[in-house]
Structure formats: structure tokens, C-alpha cells
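S.K.: Predicted model and sequence below, questions to follow.
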Amino acid sequence: KPETSRGWDAGFEQKIVDNLKFGATYFRTDYDDRIDYDSATFRYVQVSGKTKTSGVESFVEWNPLKQLFLAGNYTYTYTRNPLGEELARRPKNKAGLTASWKATDKVKLNTSMQWVGSRIDSGAKDENCVTTKKLESYFLANLSASFQVHENVELYGRVDNLFDEYYEEVWSYATPGRSAYAGMKLTF
């Protein structure tokens, strides 16, 4: 049968001064008869009972200069299935930082960094193939830049996973290592 859910959130945003703002939001969602995937049987199953998720998302944004924008965010998430166990692959803690700098009228530089805390996953193993049921935390850094060659031509590039971090969001499904992309944008 279909799962059902009921959720709500409440939050605030506050501007301290013209160039500084922060906020936070509390959220909660309760699921009845949640549908989940059972990796042991390779089938979807109905999880009888109530699954609960709740937490707090917060952020701060700062423009110290007209050309510079900085932002940070943090999320705490609490999850429990009907047996009182944590839900798989949902980190309790997650934080991020971003920065954008308009170096000149033609050059823009951006960076984003994200830290994701450890989380459980039933099949997770360590480097010696010992079952730990825990996916390790990881840190990612990305860079991007653009250059306005002409009013109709922009060159851009980015490097994702700058430090070539090995991480898994789901056990045994590796994610891309350092990756670079470049392109040109034409507008008419």
C-alpha cells in the first residue's frame, strides 16, 4: 500500500545589517508504512509503523564587499525507524561553505566546500573488508571560474572534488574522483 507522511517546518531569517543575514528552520516529517529497499532480498518492502525524521537547518550569508559573497550552512538531522534505529545513509551532521568573488567585470571565481558526517549503511565495510555498517565522513571542495570574453561569449571551467577525495554516498557505489570541465557559452 502507499506510504503516507505528514510534515511541517518553521523557521526565521534575520538581517543583522545590510550585508549580513542568518536564519534557521526546524523540520519534522513522520512516515506511516514507509516503502524501503531491502538489499538482502533485492526487493522493495513495506516498513510497518511510524518512521520519524526531524532536524534543524541553519545558514549565514555575508557580503563584506560588493564583489564578494560568503555563505555557510549547517544541518542536523535525527532519524528513527519504527524499531528506534537510525535510517541508513542519512548523516546527522552536514555543513557547507561557499564563496563567490567578482574579481573584475569579466572574471568570476567561485568555490564550494561540503563536509558530510558519517552515517550507517548495512553493508558498509572498511579498507580490510571488515563489516562496520558505517560510511565514513567526507569533505569535498569544488572550484569554478568564468571569463566574459565578449558580451556574447563566456568561457567557463570547474574542478569538482579538488582534493580527489574517495567517498561513498551508498556503500559500494563509488563517486567520481577529481573531475574537470570546461566550456563556452554563446548568447544571441
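M.R.: Looks like it came in fine.

S.K.: Quick one: list the elements packing against the longest strand seen in the chain.
M.R.: Using DSSP state E to define each element, the chain has its longest strand at strand 43-65. Packing partners of strand 43-65 (3 or more CB pairs under 8 Å, 6 or more residues apart in numbering; DSSP states H and E): strand 20-38, strand 68-80. Where C-beta positions appear, they are placed from N, C-alpha and C, glycine not excepted.

S.K.: Out of those strands, the one nearest W171 is which?
M.R.: Closest approach to W171 among the helices and strands packed on strand 43-65 (CB to CB): strand 20-38, 12.9 Å.

S.K.: who's F69 bridged to?
M.R.: According to DSSP bridges, the residues that bridge with F69 are S100.

S.K.: how many other residues sit next to the residue lying closest to S146 once chain neighbours are set aside?
M.R.: Nearest non-adjacent residue to S146, counting by CB to CB, 6 or more residues apart in numbering: Y156, 4.2 Å away. When neighbours are counted by other CB atoms under 10 Å, Y156 registers 15.

S.K.: got it, and A88?
M.R.: Applying other CB under 10 Å, we find 20 residues neighbouring A88.

S.K.: you'd agree it is up against I120?
M.R.: Yes. Between A88 and I120 there is a contact under CB atoms under 8 Å: 5.6 Å.

S.K.: mind listing what the residue nearest to S146 touches?
M.R.: Counting by CB atoms under 8 Å, 6 or more residues apart in numbering, Y156 touches 144-147, 182-185.

S.K.: Please repeat the previous calculation with a cut-off of 7 Å.
M.R.: 144-146, 183, 185 (CB atoms under 7 Å, 6 or more residues apart in numbering).

S.K.: Which strand residues bridge it?
M.R.: S146, G183.

S.K.: Could you please name the strands the helix or strand bottoming out on mean pLDDT in the chain pairs with and the direction of each pair?
M.R.: Of all helical and strand segments in the chain, the minimum by mean pLDDT, DSSP states H and E falls on strand 173-174, at a mean of 82. Strand 173-174 sits in its sheet next to strand 168-170 (antiparallel), going by DSSP bridges.

S.K.: From T25, how far off is K15?
M.R.: Separation of K15 from T25 (CB to CB, to the nearest Å): 16 Å.

S.K.: Those two: which has the busier surroundings?
M.R.: The neighbour comparison of K15 against T25 (other CB under 10 Å) goes to T25, with 15 against 11.

S.K.: ok, the more buried one touching S54?
M.R.: No. If you go by CB atoms under 7 Å, T25 and S54 don't touch, sitting 11.3 Å apart.
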